Structures are given as structure tokens and as C-alpha cells.
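**Q** Here is a sequence with its predicted model. Questions after.
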Number of protein chains: 2
Amino acid sequence: MTYRPLDEFTVISYVRERPPMAEFFASLERLSVSEVGDGNLNLVFIVQNEDNPSESVILKQALPYLRVAGDSWPLTRERMRYETQALLKHNELAPGLAPQVYDFDPEMSLVIMEHLKSHEIMRKGLVARNHYPDFADHISTFLVNVLFFTSDLYLTGPEKKQLQATFVNEHLRKLQEDFVYTNPYMESEENNWNPLLDEVVQAVRADSALKIAIAEMKEAYMTHGEALIHADLHTGSIMLNEQDTRVIDPEFAFFGPMAYDIGAVLQNIILNYLSHYGHTPDREQREAYQAYLLDVVRDIWNAFARKFDKVWAENNRGELVPDAYWNFPGGQEAFANYRSRFINRLLQETAGHGGVKFLRRMMGIVNVWDLTSIDNMETRAVAERLAVRIGKRWVLERKSVTTIDDLIGIVLEETKDVAV
Amino acid sequence: MTYRPLDEFTVISYVRERPPMAEFFASLERLSVSEVGDGNLNLVFIVQNEDNPSESVILKQALPYLRVAGDSWPLTRERMRYETQALLKHNELAPGLAPQVYDFDPEMSLVIMEHLKSHEIMRKGLVARNHYPDFADHISTFLVNVLFFTSDLYLTGPEKKQLQATFVNEHLRKLQEDFVYTNPYMESEENNWNPLLDEVVQAVRADSALKIAIAEMKEAYMTHGEALIHADLHTGSIMLNEQDTRVIDPEFAFFGPMAYDIGAVLQNIILNYLSHYGHTPDREQREAYQAYLLDVVRDIWNAFARKFDKVWAENNRGELVPDAYWNFPGGQEAFANYRSRFINRLLQETAGHGGVKFLRRMMGIVNVWDLTSIDNMETRAVAERLAVRIGKRWVLERKSVTTIDDLIGIVLEETKDVAV
């Protein structure tokens, strides 16, 4: 079908013609539609069976909206393909941890997927001081399963390269290259920061050692094709409740460094920790929640490291280091030692990429709602200055990191005397 | 045209029908043909104009020969495409340093290229103790131009990824993954070594620290997509004479670590250095030529480092670190410092990849003629044991390397008391 943007009326007839929807809905007789997108780059509709309101789906269609330049439409169309491919892979490798995909129509740049009715965006839930007892377990499973099973540790050489070749994603990758690793640290008109941070921003931009370290992380980000990464795994890309966790919006997905995703998760939780200097004035209440968040950070990394090692030891079918390679006296210990060094490298790179992402959130195009929702600019600046200091230390000290407590220790050191 | 293997008769009518050949030859009336290939995987013909014997071309066609398994034919066909794509890129970026391509016929899996009439294979020339006064200059230019201009240092993000997507080359890459980084260091039936090295081979296979280091280099080889590398740049892939140097046979080309190609060149020259314990019994003559070879190694690296830095400083149009990123007081020094750190990392990885390649040549599927052509197995073993010792040290000591003299120093230390 040739592309045409749907509206609240045409959505219904479109859905009725799709065979997977005839499977999904008990009846297509009485469907209702509501548009819930922001009408910017995508149309987002909820389609519901009025005869059984528990039956509903999300329909997401790319709009041919010319946001900035003339070539944003191909970008938007390919985005929908990459998002769908990644969602399908996430469902295959980490079932239950991503929304299900019911239908994809490349001509219409449109995907129909599971409607998550009882989930909230994690960023909001953390500002509200909610607890998610299974989150560390869920997200570490998601990270391990997607990263391990798309890497050279599990796939054969040709399998990996063929899968990688379906995720070129050169235009969306350029956005992250610009907006995470480059533009925030130089003059660029889209940059955005709290005016109270002017001096801090200028100091970062002129810090030679830090700029060199950021460039080194960017080089790794651009060239190290280790596994299928989400590449935008902040707490706005996670929907959850106490029992259930789903990773959404993987349109930036490509084969990059595993640690980028891990760093995104941990760093966003620490940013939320800092945001409570604004959101939670009661000191006792704040410190209790902040301690909880650090436990979550520790649990995520430790669970990730434990599960990654175990799944590797038990599923070493990949091209990288076949079992026969370790077939010598002491070989099993050498393999365990190699895995341990590999995972420690991931932790160091988690510090590096996560550290850069602290900085970009304070002075780039996209700030985080956790902090921008603090009304008092002075209080907000306290949290933001801490974010810059922690980010800088994560980047610069990354090569000496050996446990997650080294990274948490930097947070504790930098925040021990905060007066709010 | 549907694929059919050519023979000495059909080659002539085929060539007469190709428009580029009508351009190349002054006349197509009297062409002569000789088959010069080994008849294994490729047919290779020299086609010459009898009316003007200086006009000749090489025609290389992949054979549908089932060497090992049923899938080697697609491998052979795609090999011709990758070789041609890489040759065209080499000609574009390093003109005069690769054979010219006159014609490519993907249906026939066939390429027609420049006939290098006055060149010899470098490996043979080095065993004969020839001197090539411009080689260090030529090969360093080849390496700088191909590696720099296909990397994120020169290309935009989308340009690089689109070019990279044309070099997936998953089957030929698998051969190098197996035969350079894996099989030589474990039981594998194709492995091949001098029986006098039995103990040495077993010791390498059971050396935990070395096996872990080799696995780390393999991980970098498989995942670090820095630039278009030749990926088989030994001295058998170089044809030259005193004035002219050409890099041939780039069918393994893909986007990998820059240092792999540099390491291949330097390591093959050192292997040749060691081979003279067999080929050049006269000690004075031998030491003079060995000293010359170490000068070549030093000159290649130093010229590479100097030219790479210069071409980067003068052509910094790539995605990685735009000029505006360094626009702050002290920024030019920071950029120079970043380049210097980048190039030093390349040297360390040159040691790592080059070191692994020493080992694989001593105990893998493909040994080197420089050494296998030494008739006396005892003498050959002397050189081979040195190669293993040097390779092991290059790999294990790579992270402390800061100048090319560190790598040459290892060669000198290991060879200072050789008694032959």
C-alpha cells in the first residue's frame, strides 16, 4: 500500500484489513481510536475493541514531517524499520522485556504493537520515589540476553556480520555521535543549559584532558561493533510497574559497544538520585531513596556481571573463543580469567560512556526531565554541578575502575557535603 | 553474460567483446594468451598484443572449484567482487601503489587489470637480499592514504557506514579469524609446523597468559571497524622493484583495525630478517642485510606516524573530532596530543596483531616461504623459535610500547646470541 498518513477515521478501516489484527481482536466490529502522539515525527493511535476494552493495540506511524532539513523523511522512514527490527530481536532474545510486535508495514512506515496499559515511564516513577523490586533483575537480563546473543561470543562470524549488516542505521547514529559526543562540548546552537552553569559549561569545553577522553570514548562508540545495542537506553525508554519491565523505542539500535547501554541505565539512575535534592526536600526521606537507588545501581551491575559470565560459560558457541581453544591443562581457569577480564573492561567502558552521558545531559540538546522539572534554578544547579563532577570523574578515572563500588564511591564522595 | 570458465581460446573472443579492452589495446587483431595461474581457485591469463608486446593485461577469473565444502563457490565469487572493490578504492586513494583495474564483470566473476611486468614478489626479493630504497616511503603512503581516508577521521558518519556496508565480506573474514587467531593455538588438522618445534608449539597452546592476550587481539580484530584494511598485507601481497611498489590481492578487505595491516608488513619483514640465518650463512653479509631490514621497519613506522599525523591535521573533515571541537584556548595542543595518543595506540596494536601473526606463521595452516625454503631443518628451527619468542613478547608487552625502537629492541635482544 502506498504511503498515506492515517487519521482517526482511516485507522479503523486500515486495521480491519490487516490479517494479524483479525487474529488479535476477537471482533473487528466496534473499534475505537484515540490519537495519543505529539504529532511531531510520529502518529500514535490506541485502537480498542469496544466490545472488550481489554483488547487494545498501539499503532505508530512515521509522519513525512520535514522537521529541519529536506532529508528527514527518509530518516523517519528508516527509523521505523530499525525500531521494528530491534523490537523483534528484543522479543526473541529477552521475551517479556519489550513490547510485542503484532504487525509491521514498511510501505506505510507503520508498526502495530502491544499497548502497555499498566506501565509508567521509569523516569516519572523514580521522581515519585517508587520502588521496583524486580527492576535490577529484569534490566540485567535484558542487557545480558540482547548483548550476549548478538555478539561474537554466541554467533558465528558470518551470522554476526550478516545481522550487523541489517543495522547500518547511519543517519540515526549520526544524531547520537553529534548530540552525545561532540556538540555539547563546543559552540553549537541547539545546546541548552541552566544559565547558572555557564562557568561549568565553559570549563568543560576548555578542559583538554577531558576533551581528549571524550574523543576516545567517541572513537570506541563509532567503531567497536560488539553487539546489537539499544543506543538510547535511558529511563525514558523504560516502561514498568512493580512486576513488569519493558524496554521501548529502540530506533537508534546498531552494532556498538555493549557498555554504552549499561552506562546509559546506570547513569540515568544516578541523575535521578541527584534530582532528589530538588524533588525530595525532606532529608531523611531523600537519603533513604538515594540509598535505594545506589543499591539498584549496584544490583544491576552485579547481576549483569554474574549472568553474563554464566550465560557465556554455558553457551560458548560463538566465533570468538571456541571451547577447543581452552582445551589444555589450566584452560578452564584461563577461560574464566578471560571472561573476567572481558567483563571488567565492560565496567571500565560503562564508566567512560556513562560519564560522557552525564555531561551531555547537562549541556547538550536534550536535558533530562528529572532535573529540568526542578523549579528552583539554584537547587537544580546544585544537582547539575554534581552531575558534571561525577561524569567527569567517571570518564577520567575509568581505567582504574575494578568494581561497581568504585563508581558508586565517586557519587558518594561528590555528594557527601551537599547542603540543600 | 552467464558464468562460464574461460580457456586459452575463449579468452580472446571474450576480451574482444569488452569495450574497455578496445580502448586499452591499439588493436585487437592479434592477441596471444598464456595461462599463468595455479588452476586452483582462480584462472589467471596474460593477454598480449602480438603487434605491440608492451600492451598486455592480466585477466583473473574465479573458478567454481569445490575446494573443501559445498559453499566455497559463493565464497569464491564474492571474493572477486571484494578484491575489485578494494583495488578500485586503493587506486583512488593511493594512485600508483596498486595495479590498475581495467574491467570488472561480476556475472563472470572476472577482473581485468594491469600486468606488472617488471615487478617481483617482495618475499622473494628479500630472500635474495635486494634493497628497495623507496619501499618504506611507498608502503607508508599506501597505509596512511587508505587507512586515513576510509576512517571516521576523514569521512562523515554516514559516508563511512555506507562504505563499510559494501565490505561485509563475512566468509573471507571467517578464514582469517580461524587461521590467524584461533586454530594455530589449538588442535586443528590443517596446522603445520616444523617437527623440531613440537615442544614450542605445545607450550604456546598451553600458555594461559598468551592465549588470553591472543583472544583479546582477536576480539579487537573482529569488532573494531576503524578503516578499510587489506587484511592480508604480507610480503607476498606486495610486488615491487627499485622504483615502484604495488599492493595486490586485497580480497580479504573489510573495515577492521588499522594496526592489523601495519603489523602484517612489519612482522613479515622481521620474519625475513630471521630467515637469513638460513639463507645467508656469511655472517657479515647477513648482519648487514638484517641491519638494513631493521632500518626499513623503523623507517616504515616513523614515516607512517609522521604522514598520518600530518594528513590528519591538514584534512580533519571527518565525523570524529571536527575542528570546532578543538576551538578553545589550548585546543590545538589538545588536538595534537589526541592525535599523538591515537597514533601511539596504533603502534601498541601493531605490536599485538603483528605478534599474533608471528605465531600463526610458525604453527598454522599457512607458513612462510622465507622460512620453509630453508633446507636444513635445524637451522630453520633456530629462526622459527626466535619468531615465536619475538611474537610472544610483541603480544604480551604491547601495552608498554611507546616507540618503534621498543619493538626493534625485542628483536635485537632475542637475536643477540644466535649461533648459526
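**A** Looks like it arrived, so ask away.

**Q** just checking, next helix/strand downstream of the helix or strand where A:Q61 lies?
**A** Using DSSP states H and E, A:Q61 maps to strand A:56-62. Next in sequence after strand A:56-62, counting helices and strands by DSSP H and E, comes helix A:72-93.

**Q** Rounded mean pLDDT for that following helix, please.
**A** Helix A:72-93 shows a mean pLDDT of 89.

**Q** One more: stretch A:361-381?
**A** The average pLDDT within stretch A:361-381 is 95.

**Q** quick revisit: check what contacts the strand holding A:Q61 and list those residues.
**A** Residues from elsewhere that reach strand A:56-62 (C-beta atoms under 8 Å, 6 or more residues apart in numbering or on different chains): A:5-6, A:11, A:15, A:21, A:24, A:37, A:41-49, A:76-77, A:79-80, A:99, A:102, A:108-117. Using the backbone N, CA and C atoms, a C-beta is placed for each residue, glycine as well.

**Q** partner strands of that strand, parallel or antiparallel?
**A** Here strand A:56-62 has these sheet partners by DSSP bridges: strand A:42-49 (antiparallel), strand A:110-114 (antiparallel).

**Q** Can you tell me which of the ones you listed is most buried?
**A** Mean neighbour count (mean count of other C-beta atoms under 10 Å in any protein chain shown) peaks for strand A:110-114 among the strands paired with strand A:56-62, with a mean of 23.

**Q** So, low pLDDT: which residues of chain A?
**A** A:1, A:38-40, A:65-74 (pLDDT under 70).

**Q** domains in it, as residue ranges please.
**A** Here the domain assignment for chain A is A:10-114, A:120-415, based on automatic domain parsing.

**Q** With distance to B:Q202 as new columns, can those be given to me in TSV?
**A** Output for the domains of chain A, formatted as TSV (distance: least, C-beta to C-beta, whole Å):
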stretch	distance to B:Q202
domain A:10-114	39
domain A:120-415	9
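
**Q** tell me the contacts of the most far-flung residue of chain A relative to its centre?
**A** Here the centre of chain A is the reference, and by C-alpha atoms, centre = their mean the most remote residue is A:P329, at 41.6 Å. Listed by C-beta under 8 Å, 6+ apart, the contact set of A:P329 reads B:A206.

**Q** again with the one 10 residues further on
**A** If a contact means C-beta under 8 Å, 6+ apart, then A:R339 has A:D309, A:W312, A:A313 as its contacts.

**Q** continuing past the helix or strand it falls within, what's the next helix or strand?
**A** Using DSSP H and E, the element containing A:R339 is helix A:331-363. Using DSSP H and E, the next helix or strand after helix A:331-363 towards the C-terminus is helix A:369-372.

**Q** How about the residues of the stretch 51-200 of chain A by chain B?
**A** Residues of the stretch 51-200 of chain A lying near chain B by C-beta under 8 Å from any C-beta of the partner chain: A:152, A:156-158, A:160-162, A:164-165, A:168-171, A:173-174, A:177, A:182, A:185-188.

**Q** Just the buried residues of these.
**A** For these, a burial check counting by 16 or more other C-beta atoms under 10 Å in any protein chain shown picks out A:152, A:157-158, A:160-161, A:164, A:168-171, A:173-174, A:177, A:182, A:185-186, A:188.

**Q** ranges for the strands of chain A?
**A** Under the criterion DSSP state E, chain A contains strands at A:31-35, A:42-49, A:56-62, A:101-105, A:110-114, A:120-121, A:227-229, A:238-240, A:245-247, A:254-256.

**Q** quick one: the closest residue to A:T166 other than its chain neighbours and A:D232, what's the gap?
**A** The spatial neighbour of A:T166 that comes closest, neighbours along the chain excluded (C-beta to C-beta, 6 or more residues apart in numbering or on different chains), is A:Q85 at 6.3 Å. Relative to A:D232, A:Q85 is positioned 15 Å away (criterion: C-beta to C-beta, to the nearest Å).

**Q** what does A:Y277 give?
**A** Applying C-beta to C-beta, the value for A:Y277 to A:D232 is 26 Å.

**Q** Please report phi then psi for A:G225.
**A** phi -90, psi 70 (degrees, to the nearest 10).

**Q** residues near the nearest residue to it once chain neighbours are set aside, how many?
**A** Distances taken as C-beta to C-beta, 6+ apart put A:F255 closest to A:G225, at 3.9 Å, once the chain neighbours are dropped. Residues contacting A:F255 under the criterion other C-beta atoms under 10 Å in any protein chain shown number 24.

**Q** A:A165 versus A:F255, what's the distance?
**A** Using C-beta to C-beta, A:F255 is found at 9 Å from A:A165.

**Q** Ok, A:L294 next?
**A** Between A:L294 and A:A165 the computed distance is 40 Å (C-beta to C-beta).

**Q** check contacts around the residue lying closest to A:D232 once chain neighbours are set aside.
**A** Sequence neighbours aside, A:F252 is the residue nearest to A:D232 in space, at 4.5 Å (criterion: C-beta to C-beta, 6+ apart). Contacts for A:F252 (C-beta under 8 Å, 6+ apart) come out as A:Y82, A:N169, A:L172, A:R173, A:L175, A:Q176, A:H230, A:A231, A:D232.

**Q** Distance of the first one relative to A:F254?
**A** What it means is A:Y82. From A:Y82 across to A:F254, the span is 8 Å (C-beta to C-beta).

**Q** For those two, list the residues in contact with both.
**A** Common neighbours of A:Y82 and A:F254 (criterion: C-beta under 8 Å, 6+ apart): A:F167, A:N169, A:L172.
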